[in-house]
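Novice: here are the coordinates; sequence isn't available:
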């Protein structure tokens, strides 16, 4: 008999938890306990039997009300399972979320995408690029405007440096990300903690594109798990825009990792220009569900509609 249990954070068996994430065909780096510990002060769990399938519940409390939220740098969470996930599995997990959580705004993963009447999913789009092929074959599928930008970077003699310091990327990322989101210093520090752990596990890389005068124009930190490289932290300087620096950075990462059994995960975007940028490399769409549920008391419900 299958049993899904709600387990509070202090009672989670982290070894069994991480083993489930590791062995899940739909496993993602965001699901590991060390990643969740860094990104969310509070997270509890739903666990099927002896950690055959798990679902993290990242939560917070405001005005005495518990709610589920999606932490920064966690593109999708949801249900991870060692076995094939069916619609009934997703529905059973969602029905087991404790009643104390009155509001949800969370993103599940691609293997959780089903039509379930009681849970009105909306669709989010991610972009993925297979790196199995050789570089020539991959780059042949680049859009013509992307090829022009890469040529511009080569003509401008931009310099590629692998393994640059994370602090350099973070300083640029603060400016880049604050233009499109309300990210805080605390959230960037949380990422630094995750990166340090991933780097020790040899699951992290950095790359930078510099001008001839040694100015950092484009930079990125990548994390790795489940045959997937995550393009997760980006810092670009405005001076690099006309030189094709950010285009060249991803191209050089692809060059370094071509002919490997891996995927490049662009982490998607609802912003049209970014989606076009990712698609320019020949990336394909990967769809996953978002769930917003409002079970707040009537007097508060209108505030979240």
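Specialist: Now that the structure is in, tell me what you want to look at. Since this is a predicted model, take the numbers as computed values, not measurements. Residues are numbered from 1 along each chain as shown.
Novice: ok, the spatially closest residue to residue 135 that is not a sequence neighbour to residue 163 distance?
Specialist: On the basis of CB to CB, 6 or more residues apart in numbering, the spatially nearest residue to residue 135 that is not a chain neighbour turns out to be residue 258, at 4.0 Å. In this view, the C-beta of every residue, glycine as well, is placed from N, C-alpha and C. Spatial separation of residue 258 from residue 163 under the definition CB to CB, to the nearest Å is 19 Å.
Novice: now residue 270
Specialist: Computed as CB to CB, the residue 270 to residue 163 distance reads 32 Å.
Novice: likewise residue 170?
Specialist: Using CB to CB, we find residue 170 at a distance of 15 Å from residue 163.
Novice: kindly report the same for residue 94.
Specialist: With distances taken as CB to CB, residue 94 is found 42 Å from residue 163.
Novice: those two: which has the busier surroundings?
Specialist: Taking other CB atoms under 10 Å, residue 94 and residue 163 do not tie; residue 94 has more neighbours (20 against 8).
Novice: how about the helices in the stretch 101-250 of the chain?
Specialist: If you assign secondary structure with DSSP state H, counting those that start in this stretch, the helices in the stretch 101-250 of the chain sit at 135-140, 144-155, 166-178, 185-200, 245-257.
Novice: hey, which of those is tucked in deepest?
Specialist: Highest mean neighbour count of the helices of the stretch 101-250 of the chain: helix 245-257, a mean of 21 (counted as mean count of other CB atoms under 10 Å).
Novice: so what secondary structure elements neighbour that one?
Specialist: Here helix 245-257 is seen to pack against helix 135-140, helix 144-155, strand 159-162, strand 204-210, strand 216-225, strand 228-236, strand 263-265 when contacts are counted using 3 or more CB pairs under 8 Å, 6 or more residues apart in numbering; DSSP states H and E.
Novice: pairing partners for the fifth one, with directions?
Specialist: Under the criterion DSSP bridges, strand 216-225 sits next to strand 204-210 (antiparallel), strand 228-236 (antiparallel) in its sheet.
Novice: so residue 129 sits against residue 263, correct?
Specialist: Yes. Counting by CB atoms under 8 Å, residue 129 touches residue 263, with 6.7 Å between them.
Novice: mind checking what secondary structure the residue most central in space within the chain has?
Specialist: By CA atoms, centre = their mean, the mean C-alpha position of the chain lies nearest to residue 75, the distance being 3.4 Å. Look at residue 75: counting by DSSP: H, G, I helix; E, B strand; the rest coil, its state is coil.
Novice: low-confidence ranges, the chain, go.
Specialist: Segments of the chain classed as low confidence (criterion: pLDDT under 70) are 1, 176-182, 298-305.
Novice: okay, domains of it per the record?
Specialist: Residue ranges for the structural domains of the chain, counted by automatic domain parsing, are given in the record as 4-124+288-304, 132-261.
Novice: any chance of the ones you listed in TSV, plus distance to residue 279?
Specialist: Compiled in TSV, the domains of the chain are given as follows (distance: least, CB to CB, whole Å):
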stretch	distance to residue 279
domain 4-124+288-304	15
domain 132-261	8
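Novice: closest one to residue 281 among these?
Specialist: Between residue 281 and the domains of the chain, the shortest separation by CB to CB is 6.1 Å, and it involves domain 132-261.
Novice: just the endpoints, please. Distance across that closest one?
Specialist: Across domain 132-261, the terminal residues are separated by 5 Å (CA to CA, to the nearest Å).
Novice: same check, this time on stretch 35-45
Specialist: Stretch 35-45 stretches 14 Å from its first residue to its last (CA to CA).
Novice: in that stretch, what's buried?
Specialist: Residues of stretch 35-45 classed as buried under the neighbour-count rule (16 or more other CB atoms under 10 Å) are 35-40, 43-45.
Novice: mind checking which of those are in helices?
Specialist: When DSSP state H is applied, the buried residues of stretch 35-45 are split such that 35-39 fall in helices.
Novice: ok, so of those, who is nearest residue 225?
Specialist: Closest to residue 225 out of these is residue 35 (9.1 Å), distances taken as CB to CB.
Novice: now do that closest one against residue 73, distance only.
Specialist: Using CB to CB, one obtains 9 Å as the distance from residue 35 to residue 73.
Novice: now for residue 25: which residues touch it?
Specialist: 84, 111 (CB atoms under 8 Å, 6 or more residues apart in numbering).
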